[in-house]
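**Q** let's see this in three dimensions:
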Amino acid sequence: MSPSSQNGVSRVNHHPDYYIKDGNITFLVEDTLFRVHRYYFDRESQYFVREFAKSPQEGTSDSSAFRLNNVTTADFAKLLWVWYCPIYRRERKPKDHWLVILDLSTTWEFPEMKKLAVDELQMLDIEPVEKITTYDRYHIDKSLLLPAYKLLCKRAGRLSTEEGEQLKMHTVLGIQEARERAIRSAAEGGCRSPTSADADDGELEKILNDIFSLNGHVANRQASQSQAKPDPVPIIKKPEVNGANNGNKSSASGSNDNKQKDADKNKQPKK
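**A** The predicted structure is shown next:
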C-alpha cells in the first residue's frame, strides 16, 4: 500500500513500473517513490557514488527515500527504462525520449548511457540547426555534425534570423564561409550561375572539415579506440611440406640439407 503523509495533506505513490520488490534503494521524485537496484547507479555514475557517500542512510527505506530535485517523475522513468526495458529487443523511441536521457545522463554522469542516447539520436531525422545546438550543448563529438552542416550549406535559402539566434556566432560565420567557398568551387568546375548546392559532395566535405576542424575530432576518436585494441597477432607462414613430416617447422638450411641428401641417394648405384 502506498504511504501517505500525516493528516492526508499529501499522498506519496509507488511508481507502477519501477517500484520493484527486490530493489534496494528508494528515490522520491515529486510525489512518487521509485524502488530500484542501487547496483546500476554505483556501477555507472560517479555523481551518485559521491551523493550516496554523503548520506549513507538515505534511500534505504521509503521513509528515508533519496530525494531527486529538478527532474519529473516521467523523465526519471525514461532513464530507468534503459535498464528495465521489459522486452529483449529495445523498441524504437522518439527524439524527445532520447533527449531526456541525454540530458539526465549528462547531468548525472552516466557516460555509457550518454553514448547510447547519442547513437539513437544519430539514427533519427533531426533538423540540422536543432542537432547542432543540441550536440554543442552536451559537448558531443563535432565530427558527427558533418551531415547537418552539409544540409545547411546545400539548401536553397540562407540561415533565417531565428536560426542564427539559436546557433553560436562562429557556427553562423562558418556556414556562411562554407557556402561561399562551395559556390567558388562549383564555378571553377564550370557550373554557370552556381549555388552552394552545386558543389561536389567530396569538395564540400573538405571545406567543412577545414572550417570546423572536424578531421581533428575524427582522429582523436580513432586514436582513443585504437588504444583499447590489442597488438596485432603476427602472421606465421605455413611450414613447407618437407619440414612438416615430423611435426616440426624446418629452417631454410634444413631444407637445403634434405635436398642434398636426396641428390646423393640418386647418385648411388642400385643393388
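
**Q** and the helices in this structure, which stretches?
**A** Along the chain, the stretches classed as helices by DSSP state H are 38-44, 46-54, 73-84, 95-107, 111-122, 128-137, 146-154, 161-166, 169-188, 201-212, 214-227, 252-267.

**Q** right, and those helices - which one's nearest Arg11?
**A** Arg11 sits nearest to helix 73-84 of all these, at 13.5 Å, using CB to CB. C-beta here means a position set from N, CA and C on the backbone, and glycine is covered the same way.

**Q** can you add distance to Asp22 and give the helices of the chain back as a markdown table?
**A** Listed next are the helices of the chain as a markdown table, based on distance: least, CB to CB, whole Å:
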| stretch | distance to Asp22 |
| --- | --- |
| helix 38-44 | 11 |
| helix 46-54 | 19 |
| helix 73-84 | 12 |
| helix 95-107 | 24 |
| helix 111-122 | 22 |
| helix 128-137 | 37 |
| helix 146-154 | 44 |
| helix 161-166 | 46 |
| helix 169-188 | 49 |
| helix 201-212 | 49 |
| helix 214-227 | 37 |
| helix 252-267 | 67 |
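
**Q** which of the ones you listed has the lowest average pLDDT?
**A** Note on the helices of the chain: lowest mean pLDDT is at helix 252-267, with a mean of 52.

**Q** hang on, the earlier thing: right, and the helices of the chain - which one's nearest Arg67?
**A** Using CB to CB, the helices of the chain put helix 46-54 closest to Arg67, at 10.7 Å.

**Q** so how far is the closest one off the chain centroid?
**A** 24 Å (CA atoms, centre = their mean, to the nearest Å).

**Q** and it, what does it pack onto?
**A** Packed against helix 46-54 by the contact rule (3 or more CB pairs under 8 Å, 6 or more residues apart in numbering; DSSP states H and E) you find helix 38-44.
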